[in-house]
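Novice: Got a predicted structure plus its sequence, pasted below:
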Amino acid sequence: MFPTFEVVPAVDMQDGQVVQLVGGERGTEKTYGDPVVAAKRWVEAGARTLHLVDLDGAFEGERENADAIDAVLEAVDDDVDVQLGGGIRTAEDAISLLERGVDRVILGTAAVENPDIVAEISDEYADSVLVSLDAKDGEVVVSGWTEGTGLDPAEAAQRYADLGAAGILFTDVDVEGQLEGVRTDPVARLVDAVDIPVIASGGVATVEDVLALAEAGAAAVVVGSALYEGEFTLEAAQNAVDER
């Protein structure tokens with residue numbers, strides 16, 4: 001997973017459409033059309049991995065965009081990795097998705113409420129679980145970023161690494177979707193805490209932000225708003241990292 005640094009486009013779905021939220025707040029979304037069209041666009045632009053999120057599932061606890069997700073899986077080639085999060089609450093849900101062609105499942109609320117689910121899935125499908133640690137004011141938050149847990153991101157990351165997580169997806173909710181730049185210190189702290197890949201997300205506005213996260217030690221960065229708003233292209237960002 002991520003042998004070299006990757007820029008990973010986000011395809012966040014709400015009511016069957018691609019959206020981007022500001023700070024994880026419902027009601028702030030901007031809509032960008034059909035998920036299949038978006039996925040094909042990013043693959044044609046060179047994406048090696050797609051990051052899919054069922055936002056309705058994240059907020060409501062049940063996956064609501066299954067049809068759109070299935071359509072994306074059918075539309076992209078097998079050599080493009082697909083990682084999916086949002087509303088995956090049980091090991092059975094996760095394993096069903098992995099059997100249908102998802103390469104990695106992303107667990108947030110489920111992993112916090114039942115950490116052993118990480119080991120349960122990983123024992124059957126090695127290197128298939130990313131644990132999503134979304135932080136607001138330095139605290140891991142769950143349920144669509146609406147509930148605090150009291151967990152420190154670095155300490156939580158160590159626990160999940162021990163349970164067999166293949167990587168940590170770290171979202172800096174305080175800057176998510178704002179196009180105002182990234183904060184590298186929280187990412188570097190996580191990178192220092194674990195020996196598994198850390199995928200960064202939140203706040204990317206420029207190619208320089210992408211480079212900063214790569215320098216902080218992240219294995220990849222998930223980018224949403226900046227790509228959809230045309231702040232830079234996927235090709236430009238990936239080329240800049242490759243040419244470091």
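Specialist: Here it is on my side, so go on.
Novice: Not counting its neighbours along the chain, what's nearest residue 98?
Specialist: Nearest residue to residue 98 in three dimensions, chain neighbours excluded: residue 125, at 5.1 Å (Cβ to Cβ, 6 or more residues apart in numbering). Where C-beta positions appear, they are placed from N, C-alpha and C, glycine not excepted.
Novice: who touches the host helix or strand of residue 187?
Specialist: Applying DSSP states H and E as the criterion places residue 187 in helix 184-193. Residues outside helix 184-193 that contact it (Cβ atoms under 8 Å, 6 or more residues apart in numbering): 133, 135, 138, 153-155, 157-158, 168, 170, 172, 198, 200, 212-213, 215-218.
Novice: can you rerun that using 6 Å?
Specialist: 154, 157-158, 170, 172, 198, 200, 212, 216-218 (Cβ atoms under 6 Å, 6 or more residues apart in numbering).
Novice: again, but for stretch 8-27
Specialist: Outside stretch 8-27, the residues touching it (Cβ under 6 Å, 6+ apart) are 28-33, 35, 38-39, 42, 47, 49-56, 65, 68, 145, 173, 176-178, 220, 222, 224-225, 227.
Novice: Please pick the buried ones from these.
Specialist: 29, 32, 35, 38-39, 42, 47, 49-56, 65, 68, 145, 173, 176-177, 220, 222, 224-225, 227 (16 or more other Cβ atoms under 10 Å).
Novice: So residue 8: helix, strand or coil?
Specialist: strand (DSSP: H, G, I helix; E, B strand; the rest coil).
Novice: Next secondary structure element downstream of the helix or strand of the chain with the lowest mean pLDDT?
Specialist: Counting by mean pLDDT, DSSP states H and E, the chain has its least confident helix or strand at helix 55-60, which shows a mean of 68. Sequence-wise, the next helix or strand downstream of helix 55-60 (DSSP H and E) is helix 66-75.
Novice: Quick one: end-to-end distance for stretch 163-173.
Specialist: 25 Å (Cα to Cα, to the nearest Å).
Novice: and it, how far from the chain's centre?
Specialist: 9 Å (Cα atoms, centre = their mean, to the nearest Å).
Novice: Could you list the low-pLDDT ranges of the protein?
Specialist: Regions of the chain meeting the criterion pLDDT under 70 cover residues 22-27, 57-64, 144.
Novice: residue ranges for the helices of this protein, please.
Specialist: For the chain, helices defined by DSSP state H occupy the ranges 35-44, 55-60, 66-75, 91-99, 109-113, 116-124, 153-162, 184-193, 207-215, 225-228, 234-242.
Novice: buried set for the helix holding residue 187?
Specialist: 184, 186-191, 193.
Novice: just stretch 208-224 next, same as before
Specialist: 209-214, 216-224.
Novice: Just the C-alphas of it, formatted as CSV.
Specialist: The C-alpha coordinates for stretch 208-224 follow below in CSV (Å, rounded to 0.1, in the frame of the first residue of the first chain):
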residue,chain,number,x,y,z
GLU,A,208,2.8,23.3,-1.7
ASP,A,209,0.4,21.9,0.9
VAL,A,210,0.8,18.5,-0.7
LEU,A,211,4.5,18.7,-0.6
ALA,A,212,4.5,19.8,3.0
LEU,A,213,2.5,16.7,4.0
ALA,A,214,4.9,14.5,2.1
GLU,A,215,7.8,16.1,3.9
ALA,A,216,6.0,15.5,7.2
GLY,A,217,6.1,11.8,6.5
ALA,A,218,2.6,11.0,5.2
ALA,A,219,2.3,8.1,2.8
ALA,A,220,-0.5,9.8,0.8
VAL,A,221,-2.9,12.7,0.9
VAL,A,222,-6.6,12.7,0.2
VAL,A,223,-7.7,15.8,-1.6
GLY,A,224,-11.2,16.9,-2.2
